[in-house]
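>>> coords please:
(chains A and B)
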Amino acid sequence: MRRYGSAVLLLMVGGAVLRISLFSELYLRYVQAALRPYLVVSGGLLVLLGVVAAVRAMVHREHEEEAGEEEEGEHDHGHSHSHSGPRIAWLLTLPALALLLFPPPALGSYSASREEAQRAAQGVGTFSALPAGNPLDISVAQYSSRAIYDTGHSLKGRTLRMTGFVTHGSKGTWYVTRLMVTCCAADATISKVEIRGDESDGAPQTDSWVTVTGTWIPKGRLGTDSAWPPVLAATEVTQVKQPADPYDKR
Amino acid sequence: MRVQNERTVVDGLRLAVRAMVYAVLGGAALITIATVVSVLGPMLALDLYTPPVAAWWTVFTAVAVQGVPFLLLGTVVSAAIGAFVPERVFTKLLPRNQALAVPIAGAAGVVLPGCECASVPVASSLMRRGVAPAAALAFLLSAPAINPVVLVATSIAFPGQPKMVLGRLIASLATAVVMGWLWARFGREEWLRLPKRTQAAASSPTGVKAFVAGLQHDFLHAGGFLVLGAAAAATFNIAVPRSILDIFTGSSWLSLLLLALLAVVLCVCSEADAFVAASLSGFSPAAKLAFMVVGPMVDLKLIALQAGTFGRSFAFRFSSTTWLVAVTSSTLVGWWLL
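Okay, here's the model as predicted:
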């Protein structure tokens, strides 16, 4: 095991990276989509390095057996470091095994509840016109920045559709929430939209994913705290499966 | 003679009894632990897998996954420098005079497009190839902060505020150069522990074999420290709610210091920190600048990486001084420019 330490570690890390980037779309739970090619390349490179390390360790072992016992002690002394790798490297098994065996879930309502929704740092102004479409698919982040900052009221009179997970506020209010990831999940920021409308069957369960169709309800003065969080009058709420990319695109 | 013989027998007996006691005690303990773990383990594992723990694992793996490609890029570059670039190239490129070499090395940070994980192995291999530590350290600090990818990301995060990009460039470069000069003047060789590493392992010190051996070793070594840093980052990410920040937005001085500290504990990658800074509404531009200047130069992940590469006594001295210099330079630049 000691002899093949480097090879095992490299194969494990490379395999874990390939498992989430090449063989599935799990990487989207942790990093942004644009990182995929880099992940695939580095996963492949690591596996290659691991194979090279294994072959070299095997060849080395044969040499040692031929050379006999006397030399082995000396050999080990000089070379053990390069084969077993530095000891701290064994920490790499933690994330690698986690990714291979139990990939951690995407961030959800827990993270959303801990961070007050952050409004994109932009001033009030006119936004570009929304594309055609009825209903129009829009991201939660896009909806809330238009609802709060757009002096052109581009949301007015449009039927809009958005997907996110459910979080609950006080007094029975509920929100469609989505986290946005710029580089990796450590920098997640949140946006949310309050859903009003048909209350007959109650609000959906926390953390379940829904697609909501509805229209904009203007609230408060633009660009102020009273305009936040934005509101949507829902005409239709359907439960959906968690999308492949659980985070909003910037 | 006889006394001695008796003594050895007694000693042997004592040893045997001790070994048996250990075996029985150890065995009993082992069986107990095994039983408890196998019975309680699954129950406990489910109980312990609460939302905060799940979020910790997600952030932890995310930081590690995100770091892997950049770390690999850094180690490929550093192994290539070690294996293929002869020493005389650097002695020709950089002026002999350290005071002059530092700003040139700092400005050369523009060419390494990556985040901070990549720059530590590269700086270490530069030192091994005979580059003056002061110059290599200036490069280490400036590379993740002023490369084009990061500057473009900053301009996207702060639309219509080109001064933010300029401020970041100037403040980061100034910090890197000042730190290089400080090291040239006050730094001591014995603080810096340069790894001797694979020289003995590789049969020839240059060429493809050395490249592969260096790559394997450097990646595994730095990767271990990356995991350590990721664990620290995830812990702070989960333990410190960002709503705490609202308390401090009142005072511009406190808020600057607070964001400079936040940059250390959050360990946001330098290509993303501009977006995080932009989303921290309610803070002064100078405070956001401090966040972006400190982040790529001092954070938990980097301290772990530096401690692994250059030794602990170096990492703590260097990181704390860099923090002070970075805060000072972003305060001055913020006051002058923003």
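
>>> name the helix or strand of chain B that has the lowest mean pLDDT.
Lowest mean confidence among the helices and strands of chain B (mean pLDDT, DSSP states H and E): helix B:245-248, at a mean of 65.

>>> and the contacts of stretch B:160-173?
B:106-107, B:109, B:141-142, B:145-146, B:151, B:154-155, B:158, B:274, B:285, B:288-289, B:292-293, B:296-297, B:326, B:329-330, B:332-334, B:337-338 (CB atoms under 8 Å, 6 or more residues apart in numbering or on different chains). All C-beta atoms are positioned from the backbone trio N, CA, C, and that covers glycine.

>>> quick revisit: which other helices and strands does the next helix or strand after the least confident helix or strand of chain B contact?
Later in the chain than helix B:245-248, the nearest helix or strand by DSSP states H and E is helix B:252-266. The contact analysis (3 or more CB pairs under 8 Å, 6 or more residues apart in numbering or on different chains; DSSP states H and E) places helix B:252-266 against helix B:208-239, helix B:245-248, helix B:273-279, helix B:285-294, helix B:312-337.

>>> go through these and find the least confident stretch.
Note on these: lowest mean pLDDT is at helix B:245-248, with a mean of 65.

>>> circling back to that earlier point, selecting buried members of the contacts of stretch B:160-173 in ChimeraX, what would you type?
Per 16 or more other CB atoms under 10 Å in any protein chain shown, the buried members of these correspond to this ChimeraX selection:
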select /B:106,107,109,141,142,145,146,151,154,155,158,274,285,288,289,292,293,296,297,326,329,330,333,334,338
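
>>> report the separation between B:V110 and B:N147.
Distance check for B:V110 against B:N147: by CB to CB, to the nearest Å, it reads 6 Å.

>>> how many neighbours does A:P105 have?
For A:P105, the neighbour count with other CB atoms under 10 Å in any protein chain shown is 16.

>>> likewise A:V176?
26.

>>> what about residue 89, which SS state?
Let's take chain A. Under DSSP: H, G, I helix; E, B strand; the rest coil, the three-state class of A:A89 is helix.

>>> let's do chain B instead
helix.

>>> so for the host helix or strand of B:L30, mean pLDDT?
Take DSSP H and E as the rule and B:L30 turns out to sit in helix B:2-48. Across helix B:2-48, the average pLDDT comes to 75.

>>> how about B:F90, nearest residue that isn't a chain neighbour?
In space, and not counting its chain neighbours, B:F90 is closest to B:V131: 5.0 Å by CB to CB, 6 or more residues apart in numbering or on different chains.

>>> doesn't that neighbour lie inside a strand?
No. Counting by three-state DSSP, one finds B:V131 to be coil, located in no strand.

>>> and it, how many residues sit next to it?
Residues lying near B:V131 (other CB under 10 Å) number 22.

>>> repeat that for the one 5 residues further on.
Neighbours of B:A136 under the rule other CB under 10 Å: 27.

>>> beyond the helix or strand where it lies, next helix or strand please.
Element membership of B:A136, judged by DSSP H and E, is helix B:133-146. For helix B:133-146, the succeeding helix or strand toward the C-terminus, using DSSP H and E, is helix B:148-157.

>>> what is that following helix packed up against?
Secondary-structure packing of helix B:148-157 (3+ CB pairs under 8 Å, 6+ apart): helix B:162-186, helix B:273-279.

>>> for stretch A:151-159, how far is the first residue from the last?
19 Å (CA to CA, to the nearest Å).

>>> what does it contact?
With CB under 8 Å, 6+ apart as the test, stretch A:151-159 has contacts from A:124-127, A:129-130, A:134-136, A:143, A:146-147, A:213-216, A:218, A:222, A:235.

>>> list the buried ones in it?
Applying 16+ other CB under 10 Å to stretch A:151-159 flags A:S154, A:L155, A:R158 as buried.

>>> what do you get for stretch B:159-172?
Buried, per 16+ other CB under 10 Å, within stretch B:159-172: B:M164, B:V165, B:L166, B:G167, B:R168, B:L169, B:I170, B:A171, B:S172.

>>> let me have those in TSV, extended by pLDDT.
Formatted as TSV, these follow (pLDDT from 0 to 100):
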residue	pLDDT
B:M164	92
B:V165	93
B:L166	94
B:G167	94
B:R168	94
B:L169	94
B:I170	94
B:A171	95
B:S172	95
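
>>> what's the closest of these to B:A307?
B:S172 (22.3 Å; CB to CB).

>>> distance-wise, check the closest one relative to chain A.
Per CB to the nearest CB, to the nearest Å, B:S172 is found 18 Å from chain A.

>>> quick one: contacts for the closest residue to that residue other than its chain neighbours?
Distance criterion CB to CB, 6+ apart; nearest residue to B:S172, sequence neighbours excluded, is B:A145 at 3.7 Å. B:A145 sits next to B:G109, B:R168, B:S172, B:L173, B:A176, B:S270, B:M292, B:V293, B:P296, B:M297 when contact means CB under 8 Å, 6+ apart.

>>> centroid-nearest residue for chain A?
For chain A, A:R29 is the residue whose C-alpha lies nearest the centre (CA atoms, centre = their mean; 2.9 Å).

>>> hang on, B:F283 in a helix?
No. Counting by three-state DSSP, B:F283 is not part of a helix but coil.

>>> so what's the residue nearest the centre of chain B up against?
Chain B has B:L302 as the residue nearest its centroid, 1.4 Å off, counting by CA atoms, centre = their mean. Contacts for B:L302 were tallied using CB under 8 Å, 6+ apart; they are B:E116, B:V120, B:G229, B:C267, B:S319.

>>> same question for B:V333.
Taking CB under 8 Å, 6+ apart, one finds B:G167, B:I170, B:A171, B:A174, B:L289 in contact with B:V333.

>>> save these as a markdown table, and put in distance to A:V51 too.
As requested, these are arranged in a markdown table below (distance: CB to CB, whole Å):
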| residue | distance to A:V51 |
| --- | --- |
| B:G167 | 47 |
| B:I170 | 47 |
| B:A171 | 45 |
| B:A174 | 46 |
| B:L289 | 46 |
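
>>> which one of those sits closest to chain A?
Among the contacts of B:V333, B:L289 lies closest to chain A (CB to the nearest CB), at 13.8 Å.

>>> isn't the closest one up against B:W335?
No. Counting by CB atoms under 8 Å, B:L289 stays clear of B:W335, with 10.1 Å between them.

>>> okay, now the closest residue in space to B:V85 that isn't next to it in sequence: neighbour count?
Excluding the flanking residues, the one nearest B:V85 by CB to CB, 6+ apart is B:R129, at 6.6 Å. When neighbours are counted by other CB under 10 Å, B:R129 registers 18.

>>> B:R129 contacts B:G82, doesn't it?
Yes. Using CB under 8 Å, B:R129 makes contact with B:G82 at a distance of 6.8 Å.

>>> which helices and strands sit right next to the longest helix that chain A contains?
Taking DSSP state H as the criterion, chain A has its longest helix at helix A:36-67. If you count contacts as 3+ CB pairs under 8 Å, 6+ apart, helix A:36-67 packs onto helix A:5-21, helix A:69-84, helix B:51-84, helix B:208-239.

>>> can you check which of the ones you listed gets nearest to A:M180?
helix B:51-84 (13.8 Å).

>>> give me the next element, helix or strand, following the helix or strand of chain A with the lowest mean pLDDT.
Lowest mean confidence among the helices and strands of chain A (mean pLDDT, DSSP H and E): helix A:69-84, at a mean of 42. Downstream of helix A:69-84, the first helix or strand assigned by DSSP H and E is helix A:93-101.

>>> so what touches that next one?
So helix A:93-101 is contacted by A:9, A:12-13, A:15-17, A:19-20, A:26, A:104, B:57, B:60-61, B:64-65, B:227, B:230-231 (CB under 8 Å, 6+ apart).
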